[in-house]
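Peer 1: only geometry, no sequence info:
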Ligand SMILES: [Zn+2]
């Protein structure tokens, strides 16, 4: 149900605030990083698969011998199933990033269930393997999301380091930011598709430098399932 309909159904704005902003208290129990005891980090990639940029990111990762995690948008996976399949075959973890990348602050419980369930099914269908993890778009949560994630058996994974937020950041700056904030157990949130316009192109440009810089600091780059 859409927000307006939900409100019209009698939910007061205060309840909506508890359902959306209030739910962020529950993220305190979610995954934001791996254990601190091992010098390892994990690279995660949101918003793909992109038919142009994701294969080029996969080429870099293959060349460098790195496996990460891709949080896919269901409707993009349906349009580029060969790219989703390649991600799975290369041994990267799959994550669900919803069907159409809405803000969950604008989704009532039924709408949230559809966004997460349809995304999960489309990714499993395109990639040939079900997603292991879930990440909400922009990190925005609602109360219904946690129950759906449990039902789909996809733990909610946020991030420790995000080199590019909602505005474009030039590639060199993203690489420097990422290297400076390295710490044991860090989960990197990178973007192999728009979202922010040009994100995939910038990532392809700086990813080799980020990988090299992290390794020079003694970090192993491991799949998300191994980090956690
Ligand atoms: Zn996203």
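Peer 2: Good, I have the coordinates. No experiment lies behind these values; they were computed from the predicted model shown.

Peer 1: which bits of the protein sit near the ion?
Peer 2: Taking Cβ under 5 Å from the ion, the part of the chain that reaches the ion is made up of 46-47, 137. All C-beta atoms are positioned from the backbone trio N, CA, C, and that covers glycine.

Peer 1: Which among those residues count as buried?
Peer 2: Buried by 16 or more other Cβ atoms under 10 Å: 46-47, 137, out of these.

Peer 1: Just to check, residue 124 is in contact with residue 132?
Peer 2: No: shown here, residue 124 and residue 132 do not form a contact pair, counting by Cβ atoms under 8 Å, at 10.7 Å.

Peer 1: what about the longest strand in this protein?
Peer 2: Ranked by number of residues, the top strand in the chain under DSSP state E is strand 40-46.

Peer 1: which of the residues in that one are buried?
Peer 2: 40-46.

Peer 1: Could you dump those into TSV and include pLDDT and distance to residue 202?
Peer 2: Shown next, in TSV, are these (pLDDT from 0 to 100; distance: Cβ to Cβ, whole Å):
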residue	pLDDT	distance to residue 202
40	98	25
41	98	20
42	98	20
43	98	15
44	98	16
45	98	13
46	98	14
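
Peer 1: Does residue 138 touch residue 98 like I think?
Peer 2: No: at 10.7 Å, residue 138 does not count as touching residue 98 under the criterion of Cβ under 8 Å.

Peer 1: Who has more neighbours out of those two?
Peer 2: Using other Cβ atoms under 10 Å, the more surrounded residue of residue 138 and residue 98 is residue 98, with 27 against 15.

Peer 1: Number of residues surrounding residue 13?
Peer 2: So residue 13, with other Cβ under 10 Å, has 8 neighbours.

Peer 1: now the one 4 residues further on
Peer 2: By other Cβ under 10 Å, 12 other residues sit near residue 17.

Peer 1: one step back: now the helix or strand following the longest strand of the chain: average pLDDT?
Peer 2: Sequence order places helix 53-64 as the next helix or strand after strand 40-46, per DSSP states H and E. Averaging pLDDT along helix 53-64 gives 98.

Peer 1: chain center to helix 53-64: distance?
Peer 2: 17 Å (Cα atoms, centre = their mean, to the nearest Å).
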